[in-house]
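Q: Coordinates for the following, if possible.
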Amino acid sequence: MKRMDPKIKGDGAMKFADLFCGCGGLALGFRKAGFESVFAVDMDRDSCATYERNFGHAVHCGDIADVERLPAEVNVIVGGPPCQGFSLLGKMTPSEDRVGEHQSMNKLWTQYFRLLEGCMPKAFVVENVPQMLRSTEFKLIAAKAESLGYSITADVLKAENYEVPQLRRRAFIMGVRGGDPLLPAPSKRKLTVRDAIGDLPAKPDGNNWHIGRNPTKTSLERYKCVPPGGNRFDLMRARPDLTPQCWLNKPSGSTDVFGRMRWDAPSFTIRTEFFKPEKGCYLHPSEDRPITHREAARLQTFPDDFQFVGGKTSVARMIGNAVPPMLAYHVAKALRTSLGRTES
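A: Below you'll find the predicted structure:
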């Protein structure tokens, strides 16, 4: 995959702070659209190291509550508060042990707005899971933003509509002070798995995270039973003797588990354990193996020259948790248009 052709930094670049930055998927898209990262914060050490490697400045690696204020030069804030609580909306009961923890996760948006209120940038972007827009917290976020003088817009964007070869849904809230925010219109260019990974060696060569696993003989036999577009139900029909008992006892349910991708369609959502076929639709379209880290990064639209720092599991988590950079790029372009309308 070619480089994302990042814009050259300049004194006139819009400078942004990246809160809950992860490894930098959101920031990479904003950089491509001409913005410049000048501050970032995250709790995960490998994510911070990766961000520093690729964006050339130090990252505050720790609790966002310890950040007193943002640099005065910041005129845009972006970020995605951790979404575990929102992801479980509607699935928890008060008796569950981790309800308090998830409620605390949901409240991290207040730290975002504490820092926003402290510097009052021209605009902000919040990214999260779709469930956030149906939550009580979203109403509070909207009310807080409007009380500070920001006009907001919010919607769930489909990544496949923005040059991402992947079916992925993400919520975006955009706020502009004294203007009308615009989220991006869908792109006419649609990409497939073939567009993303078709040029990579069929056999993982170990270069630049194109790394494979060492499946057992039983796993290989299972992989062979799943056709392009197929899933665990194909395995259950073809080889019940090779099918885990838990699947045999559950004849219905998720249709992406142990799935095989199609060359000429987008992939399903790339999550943090894409190297485990039993976790989703992660079998290579034609090879009897799960996708590699490099293939997952490509499907997320990370360019090959983006440098990940950390071990296999840590890097997989970074890739799966990231905002696809090309989706972020389209959002950033729309924000530039919104800001241009404000200033005209």
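Q: Okay, domains of the chain per the record?
A: 14-93+101-191+323-343, 200-310 (automatic domain parsing).
Q: Centre of this structure to the edge, which residue is at the far end?
A: Each residue of the chain has a distance to the centre, and by Cα atoms, centre = their mean the biggest one is for Asp241: 37.2 Å.
Q: ok, now how distant is that one from Lys217?
A: 14 Å (Cβ to Cβ, to the nearest Å). The C-beta positions use only the backbone N, C-alpha and C, and glycine is treated the same way.
Q: Helices of the chain, residue ranges please.
A: 25-32, 45-55, 84-87, 99-106, 109-119, 136-147, 193-197, 217-224, 232-238, 245-248, 293-299, 312-321, 325-343 (DSSP state H).
Q: one step back: take the domains of the chain and lay them out in TSV including distance to Arg317.
A: As requested, the domains of the chain are exported to TSV (distance: least, Cβ to Cβ, whole Å):
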stretch	distance to Arg317
domain 14-93+101-191+323-343	8
domain 200-310	5
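Q: what's the most buried one of these?
A: Ranked by mean neighbour count under mean count of other Cβ atoms under 10 Å, the domains of the chain are led by domain 14-93+101-191+323-343, which reaches a mean of 19.
Q: Show me how far it is from its chain's centre.
A: 11 Å (Cα atoms, centre = their mean, to the nearest Å).
Q: which stretches of this protein aren't confidently modelled?
A: 1-12, 83-106, 342-344 (pLDDT under 70).
Q: Just send the helices of the chain back as CSV, with distance to Arg262 too.
A: Below are the helices of the chain laid out as CSV (distance: least, Cβ to Cβ, whole Å):
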stretch, distance to Arg262
helix 25-32, 24
helix 45-55, 30
helix 84-87, 27
helix 99-106, 35
helix 109-119, 37
helix 136-147, 35
helix 193-197, 7
helix 217-224, 15
helix 232-238, 14
helix 245-248, 22
helix 293-299, 13
helix 312-321, 20
helix 325-343, 20
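Q: Out of those helices, the one nearest Pro181 is which?
A: helix 325-343 (4.8 Å; Cβ to Cβ).
Q: With just CA atoms, put the closest one into PDB.
A: C-alpha atoms of helix 325-343 as PDB (Å, rounded to 0.1, in the frame of the first residue of the first chain):
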ATOM      1  CA  PRO A 325      -7.000   6.600   8.800                       C
ATOM      2  CA  MET A 326      -8.900   7.000   5.500                       C
ATOM      3  CA  LEU A 327     -12.200   7.400   7.400                       C
ATOM      4  CA  ALA A 328     -10.500  10.000   9.600                       C
ATOM      5  CA  TYR A 329      -9.100  11.800   6.500                       C
ATOM      6  CA  HIS A 330     -12.600  12.300   5.100                       C
ATOM      7  CA  VAL A 331     -13.900  13.600   8.400                       C
ATOM      8  CA  ALA A 332     -10.900  16.000   8.600                       C
ATOM      9  CA  LYS A 333     -11.500  17.300   5.100                       C
ATOM     10  CA  ALA A 334     -15.100  17.900   6.000                       C
ATOM     11  CA  LEU A 335     -14.000  19.800   9.100                       C
ATOM     12  CA  ARG A 336     -11.600  22.000   7.000                       C
ATOM     13  CA  THR A 337     -14.600  22.800   4.800                       C
ATOM     14  CA  SER A 338     -16.700  23.600   7.900                       C
ATOM     15  CA  LEU A 339     -14.000  25.900   9.300                       C
ATOM     16  CA  GLY A 340     -13.600  27.600   5.900                       C
ATOM     17  CA  ARG A 341     -17.300  28.400   5.800                       C
ATOM     18  CA  THR A 342     -17.000  29.800   9.300                       C
ATOM     19  CA  GLU A 343     -14.100  32.100   8.400                       C
END
